[in-house]
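> predicted model, plus sequence, below.
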Amino acid sequence: MRQDSASRLSCLCCTQMLDRRDACPAPGSQRPDQFQVKTTLLQVQDLKVHFPVRRTLFGRAKEFVRAVDGVSFALQTGETLGLVGESGCGKTTLGRAIIRLIELTEGTVSLEGEDISRMSDARLRPQRRKFQMIFQDPYGSLDPRMTVEQIIGEPIDIHQLAKNSADRRKRVCQLLNDVGLDSAHAQRYPHEFSGGQRQRIGIARALAVEPKLIVCDEPVSALDVSVQAQIINLLKDLQRSHALAYLFIAHDLAVIEHISDRIMVMYLGRVVETGDAKTVCRSPKHPYTQALISAVPVVDPATKRARLLLPGEPPSPLNPPAGCPFHPRCPLVEPRCRTETPPLRELASGHQVACHVAQP
Ligand SMILES: Nc1ncnc2c1ncn2[C@@H]1O[C@H](COP(=O)(O)OP(=O)(O)O)[C@@H](O)[C@H]1O
Ligand SMILES: [Mg+2]
């Protein structure tokens, strides 16, 4: 294998760096011509979303919920970045702000090098094809009055992707097959499907515009455990066949570890730890990540893991603590944690932690 990085490509199926002529050694791997050069697809810089609450008599905002408070990261083509954290830490707000469903308070979001954070609706409309979202609730996210064909066909119409109605129908049937549903069911309504099947319809709808990035907001949290695995495997297969990048949001670290290449742990609107999925899960450095991981059930009863219980509730993002936002619950708290906010610092290559105390 050559060392010249320009001549080396990353395999879509396993993200290994390989020479262009080499076949991927992974089972069921892609052909060399399906390799793609990894480039930065999404760049998020110091993103903040502050919701105004409590206004003065004259309508001026008096207080803000700091739902996302200065998040920066990059996502490569074909990569899965897992976003994990307790409920209310700002995961959904971050995902929605990235695809411009919520206005940003500060910061920038660039897709393929183009800043989309302040784009007008007219300029943003053609860009919307590049990014889609899969929602948490498979019951609430599909219009109950529309047939499956109408639901999946709608984005095809909006972006004028079909040449005629026969082409539109063909695309809808192909998408249904891609997500493991029978194309004969295209005229049915969402209530005729199970939760897992509805989530498949939501995935087909997201795929209809041939996006490059999909924000998956807790796509399996509302499903039975047995169905969760099927949907996750489907998302992995679709990532390979459609060269997709995922921002995969979940509060369950076991799910996140399984699907992600890299993980980002959020606490109170900020990133507290980020790195390669295996490194973060096997060797977490931030005390918050350590507590999250200690709560993941272990399959093998011989493996004993002490559960780290965090005292108290997460503080309100309306009035976050000074210094490190985690310090009121941290077992390692030091005096400086109460006054100085720790920046993300690199403990090992690609492994960053926002903690004064954490050691490599
Ligand atoms: N539209 C809104 N107005 C005010 N506060 C909001 C709004 N949306 C979300 N929040 C608050 O922002 C914080 C982050 O919410 P959210 O992004 O939904 O968290 P998560 O997805 O991690 O559970 C929460 O405290 C929530 O109450
Ligand atoms: Mg959420």
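Thanks, I have it. Ligands and ions are numbered 1, 2, ... in the order given.
> for whichever residue of the stretch 251-360 of the chain sits closest to ligand 1, give me the pLDDT.
Using C-beta to the nearest ligand atom, the single residue of the stretch 251-360 of the chain nearest to ligand 1 is P317, 4.7 Å away. Backbone N, C-alpha and C define where each C-beta goes, glycine included. Model confidence at P317, expressed as pLDDT, equals 85.
> distance of it from L47?
15 Å (C-beta to C-beta, to the nearest Å).
> who's more crowded, those two?
The neighbour comparison of P317 against L47 (other C-beta atoms under 10 Å) goes to L47, with 24 against 21.
> need the contact list for the more buried one.
68, 70-72, 94, 97-98, 104, 106-109 (C-beta atoms under 8 Å, 6 or more residues apart in numbering).
> quick check on the residues you listed: which are buried?
Among the contacts of L47, those scoring as buried are 68, 70-71, 94, 97-98, 104, 107, 109 (criterion: 16 or more other C-beta atoms under 10 Å).
> for the stretch 101-250 of the chain, which segments count as strands?
106-111, 114-115, 131-134, 213-217, 245-250 (DSSP state E, counting those that start in this stretch).
> just the pLDDT at the closest residue to K130 other than its chain neighbours, thanks.
Nearest residue to K130 in three dimensions, chain neighbours excluded: K212, at 5.0 Å (C-beta to C-beta, 6 or more residues apart in numbering). Reading off the confidence values, K212 has pLDDT 96.
> I'd assumed R128 was in contact with K212.
No: contact criterion C-beta atoms under 8 Å: K212 and R128 do not qualify, at 11.6 Å.
> so what's the residue count around S349?
8.
> what of G88?
Neighbour count for G88, taken as other C-beta under 10 Å: 17.
> what of Q174?
Quick note: Q174 (other C-beta under 10 Å) scores 13 neighbours.
> ok, it - contacts?
Q174 touches S183, counting by C-beta under 8 Å, 6+ apart.
> distance of it relative to ligand 1?
Counting by C-beta to the nearest ligand atom, to the nearest Å, the gap from Q174 to ligand 1 is 33 Å.
> and the angle for the longest helix along the chain with strand 213-217?
In the chain, taking DSSP state H as the definition, the longest helix is helix 225-242. Angle, helix 225-242 to strand 213-217, by axes from the mean of the first three to the mean of the last three C-alpha atoms, to 10 degrees: 170 degrees.
> contacts for helix 225-242?
Against helix 225-242 from outside (C-beta under 8 Å, 6+ apart): 12-13, 30, 78, 80, 178-180, 194-196, 199-200, 203, 207, 210, 216, 219-220, 223, 244, 246, 248, 255, 258-259.
> any buried residues in that helix, and which?
Neighbour-count burial for helix 225-242 [16+ other C-beta under 10 Å]: 227-228, 230-232, 234-235, 238-240.
> kindly export it (C-alpha atoms) in CSV.
Output of helix 225-242 as CSV, limited to C-alpha atoms (Å, rounded to 0.1, in the frame of the first residue of the first chain):
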residue,chain,number,x,y,z
VAL,A,225,-35.6,-3.7,20.0
SER,A,226,-35.9,-6.4,17.3
VAL,A,227,-37.0,-3.8,14.7
GLN,A,228,-34.2,-1.4,15.8
ALA,A,229,-31.5,-3.7,14.6
GLN,A,230,-33.3,-4.2,11.2
ILE,A,231,-33.5,-0.4,10.7
ILE,A,232,-29.9,0.2,11.7
ASN,A,233,-28.7,-2.5,9.3
LEU,A,234,-30.9,-1.0,6.5
LEU,A,235,-29.3,2.4,7.2
LYS,A,236,-25.8,0.9,7.0
ASP,A,237,-26.6,-0.9,3.7
LEU,A,238,-28.1,2.3,2.2
GLN,A,239,-25.0,4.2,3.3
ARG,A,240,-22.8,1.9,1.2
SER,A,241,-25.1,1.8,-1.8
HIS,A,242,-26.0,5.5,-1.9
